[in-house]
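Enquirer: Got a sequence here, can you model it:
(one chain, ligands or ions: 1)
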Amino acid sequence: MFDRIASVYDLMNSVMTAGMHHRWRERAADLARVGPGSTALDVATGTGDLAVELARRGAEVTGSDFAPAMLEIARRKAPGLSFEEGDALNLAQADDSFDAVTVGFGARNFADLDRGLSEMARVAKPGGRVVVLEITTPTKPPLSWFFKAWFDRVVPELGRLAGDPDAYTYLPSSVRRFPGPEELAARMAAAGLTDVRWILTAGGIIAIHAGTKPA
Ligand SMILES: C[S@@+](CC[C@H](N)C(=O)[O-])C[C@H]1O[C@@H](n2cnc3c(N)ncnc32)[C@H](O)[C@@H]1O
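Expert: Now for the predicted structure:
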């Protein structure tokens, strides 16, 4: 599906979020706590926007994804970064390799969330950070009403205009079935991470979780 929508993916993100997704990625990159001399792996990197944000902080970044058409756009966007094909549920990287391991809007798409989180924890260095940026379902009105109308009506319509109604009907349904912030934190802890905390932003539509691999 992501290979199919790769050419419209970045534009759709900007339209659907009024450009705010860049700010959310900045906050996720802040929580990764990387800088010059750090190494970071961005799994399910797609077109590479979160990888670029990590690299802006001076980290040496690898982005991996299993959709070649998404990676092609990432490579064009950031020729200086390393992008490779890889399955987030079965990472090729060795244990204890990265100062930070991140995923932006990808965990929701993992066929096995717990396995994906365990893999992220496995390849993080002891003391390293694991960061998950995701859409979450706001529970408090009036934002919950707005969110429902936006996701159930406007987003599929935008998807139809962009030529792929199925992908943009899948998007709200994947958000609905994704665990809420507390459960996601518990599942990150079950994957072996400690000190798991999260922030909610954009009125409770975006959750950014971060945990640390025990030293
Ligand atoms: C919604 S896009 C997010 C892309 C990017 N991280 C971003 O922030 O815009 C989800 C991405 O997850 C990738 N993906 C889903 N499951 C994956 C897996 N098991 N291994 C690698 N990539 C995966 C898809 O190919 C797609 O590029």
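Enquirer: And the residue of this structure closest to the ligand?
Expert: Closest approach between the chain and the ligand, counting by CB to the nearest ligand atom: residue 46, at 2.4 Å. Just so you know, the C-beta spots here come from the backbone N, C-alpha and C atoms, and that holds for glycine as well.
Enquirer: if I pick the nearest residue to that residue once chain neighbours are set aside, what's in contact with it?
Expert: Of all residues beyond its chain neighbours, the one nearest residue 46 is residue 70 (4.5 Å), with distances taken as CB to CB, 6 or more residues apart in numbering. Neighbour list for residue 70: 2, 3, 6, 9, 45, 46, 47 [criterion: CB atoms under 8 Å, 6 or more residues apart in numbering].
Enquirer: The same query, at a cut-off of 10 Å, please.
Expert: For residue 70, the contacting residues are 2-3, 5-7, 9-10, 44-48, 63, 83, by CB atoms under 10 Å, 6 or more residues apart in numbering.
Enquirer: Kindly provide the distance from the residue nearest to residue 190 when sequence neighbours are not counted to residue 184.
Expert: Once flanking residues are discounted, residue 190 sits nearest to residue 114: 6.9 Å by CB to CB, 6+ apart. Separation of residue 114 from residue 184 (CB to CB, to the nearest Å) stands at 11 Å.
Enquirer: What strand or helix carries the residue of the chain closest to the ligand?
Expert: Here residue 46 sits in a region with no helix or strand, counting by DSSP states H and E.
Enquirer: That one contacts residue 2, doesn't it?
Expert: Yes - in this structure residue 46 lies within contact range of residue 2 using CB atoms under 10 Å: 6.7 Å.
Enquirer: Mind listing the shared neighbours of these two?
Expert: Joint contacts of residue 46 and residue 2 (CB under 10 Å, 6+ apart) are 9, 65, 67, 69, 70, 71, 106, 109.
Enquirer: I figured the fourth one was touching residue 7, is that so?
Expert: Yes - counting by CB under 10 Å, residue 7 is a contact partner of residue 69 at 7.7 Å.
Enquirer: Mind telling me which residue is nearest the centre of this protein?
Expert: residue 104 (1.2 Å; CA atoms, centre = their mean).
Enquirer: Could you report the pLDDT at the closest residue to that residue other than its chain neighbours?
Expert: Among residues not flanking residue 104 along the chain, residue 50 sits closest, at 3.8 Å (CB to CB, 6+ apart). Per-residue confidence (pLDDT) for residue 50: 98.
Enquirer: where does residue 50 land in three-state SS?
Expert: helix (DSSP: H, G, I helix; E, B strand; the rest coil).
Enquirer: so who does it touch?
Expert: So residue 50 contacts 21-22, 24-26, 28-29, 32, 40, 42-44, 61, 63, 102-106, 131, 133 (CB under 10 Å, 6+ apart).
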